[in-house]
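**Student:** sequence first, predicted model second:
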Amino acid sequence: MTSSKINKAHEPLFHLSKRDGIAFWKAWLIRIAAVALGLAVCGLVAYLFSDKLRTGKKTLEDFYYCFIKGAFGTERKLWKFLKNMAVLQCISLAVTPAFRMRFWNIGAEGQTLMGVWGAIAVAFYLGGKVPEWLLLIIMFAAALVCSAVWAVIPALFKARWNTNETLFTLMMNYVATYVVSYFLVVWVPSGSSALGKLKYGKLPPLPFGNQYLLIILISLAMTVLLYIYLRHSKHGYEISVVGESERTARYSGMNVGKVIIRTMVVSGLLCGLAGYLIGAGLDQSVNTESVGGQGFTAIMVSWLAKFNPLVMLLTAGLVSLLNSGAAQISQDLNVSGAFPDVIVGIILFFIIGSEFFINYRIVMSRKGHAGKEVLK
Amino acid sequence: MEKKMALSMRGITKRFGSVVANHNVDLDVYEGEILAVLGENGCGKTTLMNMLAGIYYPDEGKIFKDGQEAVIRSPKDAFDLKIGMIHQHFKLVDLFTAAENIVLGLKEEGRYDLNAVNSRVSAIAEKYGFHIDPQKKIYEMSVSEKQTVEIIKVLYRGADILILDEPTAVLTPQEIDRLFDVLRSMKADGKSIIIITHKLHEVLAVSDRVAILRKGEHVATVDTCDATESSLTEMMVGKKVSLNIDRIDPVNPETRLEIRHLNCLNDEGLPVVRDVSFTVNSGEILGIAGIAGSGQRELLEAIAGMQPIDSGEVIFINPKKNRPVTFFHKTLKKVKQLAAQGAFHDWNGNPVSFNGMGNALIRRLVGSGEVLFNEDEVIDLRNRTPLEIRELGIRLSFVPEDRLGMGLVGSMGITDNMMLRSYRKGHAGFVDRRQPRKLAEEIIRELEVSTPGVNTPVRRLSGGNVQKVLLGREIAFAPKVLMAAYPVRGLDINSSYTIYNLLNKQKKNGVAVIFVGEDLDVLLELCDRILVINSGAVTGIVDARTATKEEIGLLMTKTDTGKEAAQ
């Protein structure tokens, strides 16, 4: 009854098939091609948005040169780029242990902010009353404690009641923001809610080199330490097993809840360190934008590096490069302040999208049309 | 005898990534015959059939139905061609009745009339000799009843080609006989039946012809009447294999594990293990038989410390005669207590009582290994975690049925998987990968694991190699009790026999082995005693040397009179 209908059906034009593995160079070729494609699309978008480009006052070469100029244009820019990268790297390191455990902590923003707040709160209340060196130590401890508490609360709930950590950590970000808002109102009675630079509690720069060198070195040291922790410590091994399968972890005698809580404390401590670097090392102040979304960017940095701290130097560098380049573009090409975000978004979209083509292959149908052949 | 061709496949190829699941397969099915598709696990039987059912689309090749080329892109296309497949895992809505499930998704003309459906279902059932109540809900049904619903669902849609994927895997011998009767009456009605299986005796019992697949390729199709078990095996495996397991008698059996009135509840508070009592002896293999999901997993996990125990005891008798005192006894209080009971002696057999000795001296004597323990240690494992059990010095090994989800970490290499057992060793916070690496290399060499290297993720290994890694690790732990759940599931014949031999070797070394299996023929050949379990309760313990398959089959479905079956 339906055979004639069936025979008219065409086979699908193409289908996807999973790759079994891909050569190292091939994967990187795909990634580089993706960045190139992303940059090309950026150029196109910039052309549409920027009057200067359209009227010919600036050329596309100027546009692409901005990426280099933004990060390496002057010595000051270079150090600033390295500092931004160091802070981002530190927060990226913080989210990594939890991610390796498949604990989707997206609360690094709030955890870091609480670290900044903790350090600044100490400086605000104790500044001038205790020696500066002691103040810096108390600030450090406060930053660590505040961030760790912020990180461990969702972990406790996860371990005890198996709550969803993604929603929980996300919500904790908002709470952190409002905690900071609240204290800004308390601390700044004038009503502007903008806390000026505090006089006390500034992390002194190293006696040599650039003012940012200390932050950069700390971040590098943490990278190496975390790499060793994850790869060679018993804790790191437990994190990997729990991440792969909780049943396997229980089978081998691990206390899964304990591992989750301990790992989130480690994550929190690293956020606290980042918060301290921002609070005591850079800003000497706090506001709701102190972390500036880096807690979310860090998720991407960590993910792109496949949770490997060493590779993260590369991805954190790339993202920082894009950021400073984009900032340069908005300055040079006179486009809206939101334009840099568009640029970064487009390029990351292509990079993340390229992972699909690293994992899958598109197979075009080789056969012709499904004809009405008859078997005799 | 002139038969009419119902369906044929020509040059079918299907790849998944670099894995070729089917390569250039030709297959013919005639009207009114039962065709068995035989092959080892992973040889592409199910993939091939899924292409007929519209689940997969072939990369190359053509399918012809009644002489016309057919393109099957979806299960709906398959139904339009009157091809119906009964999958290994049933696809039924639990809360619906049989009849509701059967008409689910059908677009019939006219009013939805469940009474008419019921009577049509009953008519189909009567025609082929099924027993079914169309108004019974699925969750009240046994596995075999659910299967019946699946078959009728396909018949109701007018299928004249039925594909059954491993239909006997979950059935008892009696239920299998009944299923085969139904298949024969459908055949007499002119329907074509394709049955996927890897069990030889079933092929010989029910089919007219056998198509043999090996590594995704079609080896041959033979008439069943010309085939024997050994000729089929040879075609399936590609070389001659001997199918005998040698079974030695247990030597000096001593009780190692004693389970007394064990009860366990699942997450929902329903009993999953009910009043189970049995003993396991050194130097024997105790088989556990039962329909899948009858509480086997929970029972083993309860012993291993992973399943909370509601009541009952798990007594482990640790052979400690003439052994140095272990960690467990190193608390001074305990040592003195045991010494007062005369539990220690020196190397010459003289009792040691520690009378009048200072604590430091006792500690030194115990620590130096000069004092030996006199008695077997009796330990209740109840409600101890796996870690506590290990720290007590109890050598209990467990090969769980979920190899990559529980026994091993799929993304890690063999070395790191060895560490699951031993990573806590050493006091520093860092793991030592040298010993595990050595062990990994040893297992690869001894058990002939084929892997590119010790750090290749075990997920990438074949099922047989994964099992060798897991079993190898558990055996390396020098167990006193070795529990293995479905250790040959999904393994090819050669690997299966490797595993049987490994278990036998452990038995010979005096290990008490618990073997949960599904193939009754294997259980009867390999084990010394067989414990049969149904709905979490023991329905019998039989001597494997004298018991028959039918006897065990009856026990598998027997329910005790006093208690109601949980499912």
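**Tutor:** Great, that's in hand.

**Student:** any idea which helix or strand carries whatever residue of chain A ends up closest to chain B?
**Tutor:** Closest approach of chain A to chain B (C-beta to the nearest C-beta) occurs at residue A:253, with a separation of 3.2 Å. (Glycine included, C-beta is placed from N, CA and C.) Of the helices and strands defined by DSSP states H and E, none includes residue A:253.

**Student:** now do the same for the closest residue to it other than its chain neighbours: helix, strand or coil?
**Tutor:** If the residues on either side of it in the chain are set aside, residue A:253 comes closest to residue B:387, at 3.2 Å by C-beta to C-beta, 6 or more residues apart in numbering or on different chains. The three-state label given to residue B:387 by DSSP: H, G, I helix; E, B strand; the rest coil is helix.

**Student:** tell me, how many residues neighbour residue B:387?
**Tutor:** Residue B:387 is flanked by 15 other residues according to other C-beta atoms under 10 Å in any protein chain shown.

**Student:** and it, what does it touch?
**Tutor:** Contacts here follow C-beta atoms under 8 Å, 6 or more residues apart in numbering or on different chains; on that basis residue B:387 touches A:253-255.

**Student:** out of the residues you listed, grab the one that's most surrounded.
**Tutor:** By neighbour count, taken as other C-beta under 10 Å, the most surrounded of the contacts of residue B:387 turns out to be residue A:254 (22 neighbours).

**Student:** wait, isn't that one in contact with residue A:240?
**Tutor:** No: proximity of residue A:254 to residue A:240 does not meet the contact threshold set by C-beta atoms under 8 Å, at 11.0 Å.

**Student:** give the residue spans of the stretch 401-550 of chain B that score low on pLDDT.
**Tutor:** For the stretch 401-550 of chain B, the stretches with pLDDT under 70 are B:427.

**Student:** all strands of it, in order?
**Tutor:** Secondary structure of the stretch 401-550 of chain B, counting by DSSP state E, counting those that start in this stretch: strands at B:481-485, B:512-516, B:529-534, B:537-543.

**Student:** repeat for the stretch 251-400 of chain B
**Tutor:** Using DSSP E, counting those that start in this stretch, the strands assigned to the stretch 251-400 of chain B run over residues B:255-265, B:271-281, B:285-289, B:311-318, B:323-324, B:344-345, B:372-373, B:377-380, B:396-399.

**Student:** can you tell me if the last one touches chain A.
**Tutor:** Pointing back at strand B:396-399 there. Yes: judged by C-beta under 8 Å from any C-beta of the partner chain, strand B:396-399 and chain A are in contact via residue B:398.

**Student:** partners of that strand, with directions?
**Tutor:** Taking DSSP bridges as the criterion, strand B:396-399 sits next to strand B:481-485 (parallel) in its sheet.

**Student:** and the average pLDDT for stretch A:187-207 is what?
**Tutor:** With pLDDT averaged residue by residue, stretch A:187-207 scores 84.

**Student:** can you give me the offset of it from its chain's centre?
**Tutor:** Distance, stretch centre to chain centre, for stretch A:187-207: 26 Å (C-alpha atoms, centre = their mean, to the nearest Å).

**Student:** got the buried residues for it?
**Tutor:** Buried residues in stretch A:187-207, counted by 16 or more other C-beta atoms under 10 Å in any protein chain shown: A:193, A:195, A:198, A:200-203.

**Student:** and residue A:93, what does it touch?
**Tutor:** For residue A:93, the set of contacting residues under the criterion of C-beta under 8 Å, 6+ apart consists of A:219, A:222-223, A:226, A:270, A:302, A:309, A:312.

**Student:** repeat the analysis, applying 6 Å as the threshold.
**Tutor:** By C-beta atoms under 6 Å, 6 or more residues apart in numbering or on different chains, the contact set of residue A:93 is A:222, A:226, A:270, A:309.

**Student:** and it, which helix or strand is it part of?
**Tutor:** Following DSSP H and E, the helix or strand that holds residue A:93 is helix A:75-100.
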